[in-house]
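**Q** Need a 3D model of the following:
(4 chains)
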Protein chains: 2
Amino acid sequence: MKDQEASYQAQQFATRAGVTVRTLHHYDRLGLLKPSAYTGTGYRLYRESDLARLQQIVTLKYIGFSLQEIKTLLVQNGRDLATALRRQRKIINQKRRHLGMAVQAIEKAELVISSGAPDWEAFKKIIEVINMQNDMEWTRKYYSESATEKLAERATPEVIEQGQNDWAQLIKEVEAAVRDGEDPTSEKSRSLAARWSHLVRQFTGGDPEISAGLKKLYADQSNWPAHFQKPYSDEVEAFICAAAGKK
Amino acid sequence: MKDQEASYQAQQFATRAGVTVRTLHHYDRLGLLKPSAYTGTGYRLYRESDLARLQQIVTLKYIGFSLQEIKTLLVQNGRDLATALRRQRKIINQKRRHLGMAVQAIEKAELVISSGAPDWEAFKKIIEVINMQNDMEWTRKYYSESATEKLAERATPEVIEQGQNDWAQLIKEVEAAVRDGEDPTSEKSRSLAARWSHLVRQFTGGDPEISAGLKKLYADQSNWPAHFQKPYSDEVEAFICAAAGKK
DNA sequence: CTTGCGCCTGACGTTACGTCAGAGTTTAGG
DNA sequence: CCTAAACTCTGACGTAACGTCAGGCGCAAG
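**A** Numbering: from 1, shown residues only, chains lettered A, B, ... in the order given. Down below sits the predicted model:
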């Protein structure tokens, strides 16, 4: 007639699972984890089976699921688990990339500050570089969903920086050519144009969806936020168009 | 007599900076960014100087500072910026490691699920592995602050997994020795004990603070949460103590 | 004068609990 | 049997950084 499975009350149970009593209350109210019994006076009583469930919850939380998601996952007993995991992995990787870029930004800032220019002005330059990375965000509205995904997967901090350097270098050369009055039909000009389109292809990765998004993005220049400036002048653009033989 | 600096009202200004009007309201109320003027009817009017400040705010937010932190940073005009940046970098790296472990956990889970065992039970094993990583968290209360930092810096997912494998391997061998009734004073036993202390040193990295924390941790076994089980049996522990010549 | 767009100020919603506040319960000790 | 310590309960408000209404003006064009 006596319970043969031991039962624990709140504090004990919480400690065993590495959470707080308040957390248990919370999960109880959410219907995420109901104790297997209450005493007549309203005390919660938990047992081993509850511990298993709580550990599942903790684990899923660790993976980054919200309590809501966990609830539905547990209800359907892991039927769509694979799908959910894939989705979650992508989200986390996205966040990781973001943090990676943030760290890079901080390191650059630290470099500038330490190297003798500890003033705010020096820091402002970095702001611009960082914002260029940030701009990845708002440009997203021009890309289809799958294009955004593909872009995000390739956009590691290193790749971004490399791309920025390549572009900066090429643009500098083109500007020089423009200043020198270089003929857009010359050999050299065509070489520059070739490199230009090479960089564009490198960005799109040959993906048609990304190309389409990029085209939409550039067609809508009038709506760009002001702080995002086309990294090259109109003259440069005209020169490249001419050299590439486009109207 | 007329303003020569253009001023923008909310929507325009927000778009230029890549934020929403609501965000401007929010910053205004927080005193983080007051518009440089209001019209008689209460409309906010922003100017270029405001844009600069807003961009600073956005940048600092990108780096992960809270609005409160940003406010004080801007007030003291970047005097403690270097310190703040260093702190922030550490915090972010911590988060990155966490996310890295989460991704590893997910990948393992996906592997188990995809490899023919799409049931919940298989998933439970992974829970334990993950929780071992999670336990890094609660053990922290035994370590000094600087020890925690040092540990965190070295605790990449790869290192953790390698360590777990090494320990599992060694413990298996010791268990076999115990079963075979191996003499704790034999050559083989001493070799096992040597490997044991080698792994311990590998964990502490020779750091005295970490050693101290570890000692405290093991001295307090009675207060461990139940789900964290010593990975080896009492017999194994006794055997190793004997082989190492300790009481 | 009305229409439509833009602006304003509250005020509540979100996430996963932390932190009191006020009140009852259980238990060991005197 | 009484009491103090230790534990438990249920609200209810706080947090971070805005999003999202809702209700009410302001302003330029037709």
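
**Q** Okay, strands next: where are they in chain A?
**A** For chain A, the strands defined by DSSP state E occupy A:8-9, A:37-38, A:44-46.

**Q** Please report how far A:Gln12 lies from DNA strand C.
**A** 12 Å (Cβ to the nearest atom of the strand, to the nearest Å). (C-beta placed from N, C-alpha, C; glycine too.)

**Q** that older thread, among the strands of chain A, which comes closest to DNA strand D?
**A** Across those, DNA strand D has its closest neighbour in strand A:44-46 (3.3 Å, Cβ to the nearest atom of the strand).

**Q** That closest one packs against which elements?
**A** strand A:8-9, helix A:10-17, helix A:21-30, strand A:37-38 (3 or more Cβ pairs under 8 Å, 6 or more residues apart in numbering or on different chains; DSSP states H and E).

**Q** okay, those in JSON lines with mean neighbour count and mean pLDDT next?
**A** Rendered in JSON lines, the data for the helices and strands packed on strand A:44-46 read as follows (neighbours: other Cβ atoms under 10 Å in any protein chain shown; pLDDT from 0 to 100):
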{"stretch": "strand A:8-9", "mean neighbour count": "18", "mean pLDDT": "94"}
{"stretch": "helix A:10-17", "mean neighbour count": "18", "mean pLDDT": "93"}
{"stretch": "helix A:21-30", "mean neighbour count": "15", "mean pLDDT": "97"}
{"stretch": "strand A:37-38", "mean neighbour count": "12", "mean pLDDT": "96"}
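
**Q** Provide a list of residues in contact with the nearest residue to A:Lys95 once chain neighbours are set aside.
**A** Nearest non-adjacent residue to A:Lys95, counting by Cβ to Cβ, 6 or more residues apart in numbering or on different chains: B:Leu99, 5.8 Å away. Counting by Cβ atoms under 8 Å, 6 or more residues apart in numbering or on different chains, B:Leu99 touches A:Gly64, A:Ile92, A:Lys95, A:Arg96, A:Leu99.

**Q** A:Leu170 too?
**A** A:Leu192, A:Arg195, A:Trp196, A:Leu199 are the contacts of A:Leu170 under Cβ under 8 Å, 6+ apart.

**Q** quick one: A:Tyr46 and A:Lys34, what's the gap?
**A** 10 Å (Cβ to Cβ, to the nearest Å).

**Q** So for the two, which sits in the more crowded spot?
**A** A direct count of neighbours by other Cβ atoms under 10 Å in any protein chain shown for A:Tyr46 and A:Lys34 places A:Tyr46 higher, at 25 against 15.

**Q** Spatially nearest residue to that one (excluding sequence neighbours)?
**A** According to Cβ to Cβ, 6+ apart, the nearest residue to A:Tyr46 is A:Phe13 (4.2 Å).

**Q** A:Asp50 is in contact with that neighbour, correct?
**A** Yes. With contact defined as Cβ atoms under 8 Å, A:Phe13 and A:Asp50 form a contacting pair (7.2 Å).

**Q** Can you report how many residues neighbour the closest residue to A:Gln202 other than its chain neighbours?
**A** Nearest residue to A:Gln202, sequence neighbours excluded (Cβ to Cβ, 6+ apart): A:Gly163, at 7.2 Å. Neighbour count of A:Gly163, defined by other Cβ under 10 Å: 14.

**Q** A:Gly163 and A:Thr204 touch, don't they?
**A** No. At 11.7 Å, A:Gly163 does not count as touching A:Thr204 under the criterion of Cβ under 8 Å.

**Q** Spatially central residue for chain A, please.
**A** Most central in chain A under Cα atoms, centre = their mean is A:Gln94, positioned 3.4 Å from the mean C-alpha point.

**Q** on that earlier part again, for the contacts of B:Leu99, could you give me a markdown table that also reports distance to B:Ser144?
**A** Shown next, in a markdown table, are these (distance: Cβ to Cβ, whole Å):
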| residue | distance to B:Ser144 |
| --- | --- |
| A:Gly64 | 30 |
| A:Ile92 | 31 |
| A:Lys95 | 30 |
| A:Arg96 | 29 |
| A:Leu99 | 26 |
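
**Q** Report the two of those residues separated the most.
**A** A:Gly64 and A:Leu99 (13.4 Å; Cβ to Cβ).

**Q** Residues of chain A that sit close to DNA strand D?
**A** For chain A, the contact set with DNA strand D under Cβ under 7 Å from any atom of the strand comprises A:Gln9, A:Ala10, A:Gln11, A:Gln12, A:Val21, A:Leu24, A:His25, A:Asp28, A:Gly42, A:Tyr43, A:Arg44.

**Q** Nearest to A:Gln56 among those?
**A** A:Gln56 has its nearest neighbour among the residues of chain A next to DNA strand D in A:Leu24, at 14.7 Å by Cβ to Cβ.

**Q** And the closest one, how far from A:Arg16?
**A** Look at A:Leu24 and A:Arg16: by Cβ to Cβ, they are 11 Å apart.

**Q** all helices for chain A, in order.
**A** For chain A, helices defined by DSSP state H occupy the ranges A:10-17, A:21-30, A:48-62, A:67-75, A:81-114, A:120-139, A:145-154, A:157-179, A:187-204, A:208-219, A:234-243.

**Q** Can you flag the weakest of these by average pLDDT?
**A** For the helices of chain A, mean pLDDT drops lowest on helix A:120-139, to a mean of 62.

**Q** show me the contacts for A:Lys150.
**A** A:Gly205, A:Asp207, A:Glu209, A:Ile210.

**Q** Tell me which of the strands of chain A lies nearest to B:Asp234.
**A** With Cβ to Cβ, the closest approach to B:Asp234 among the strands of chain A belongs to strand A:8-9: 24.1 Å.

**Q** And for that closest one, what's in contact with it?
**A** Contacts to strand A:8-9, defined as Cβ under 8 Å, 6+ apart, come from residues A:Arg16, A:Tyr43, A:Arg44, A:Leu45, A:Tyr46, A:Arg47.

**Q** what's the answer for stretch A:69-89, then?
**A** Against stretch A:69-89 from outside (Cβ under 8 Å, 6+ apart): A:30-32, A:53, A:56-57, A:60-61, A:63-65, B:103, B:106-107, B:109-110, B:113-114, B:118-120, B:123.

**Q** re the thing from before, residues that sit against both of A:Phe13 and A:Asp50, list them.
**A** Going by Cβ under 8 Å, 6+ apart, no residue sits against A:Phe13 while also sitting against A:Asp50.

**Q** What separation do you get for A:Leu51 and B:Leu74?
**A** 48 Å.

**Q** Can you give me the neighbour number for A:Gln169?
**A** Neighbours around A:Gln169, by other Cβ under 10 Å: 12.

**Q** quick one: contacts for the closest residue to A:Asp220 other than its chain neighbours?
**A** Distances taken as Cβ to Cβ, 6+ apart place A:Tyr142 nearest to A:Asp220, at 7.1 Å, with adjacent residues excluded. Shown in contact with A:Tyr142 (Cβ under 8 Å, 6+ apart): A:Gly213, A:Leu214, A:Lys216, A:Leu217, A:Asp220.

**Q** run the last query once more with 7 Å
**A** Going by Cβ atoms under 7 Å, 6 or more residues apart in numbering or on different chains, A:Tyr142 touches A:Gly213, A:Lys216, A:Leu217.

**Q** What pLDDT is listed against the closest residue to the second one other than its chain neighbours?
**A** Of all residues beyond its chain neighbours, the one nearest A:Lys216 is A:Tyr142 (4.6 Å), with distances taken as Cβ to Cβ, 6+ apart. pLDDT, the model's per-residue confidence, is 79 for A:Tyr142.

**Q** mind checking the end-to-end distance for stretch A:179-187?
**A** Using Cα to Cα, to the nearest Å, one end of stretch A:179-187 lies 17 Å from the other.

**Q** now stretch A:39-58
**A** With Cα to Cα as the measure, what separates the two termini of stretch A:39-58 is 26 Å.
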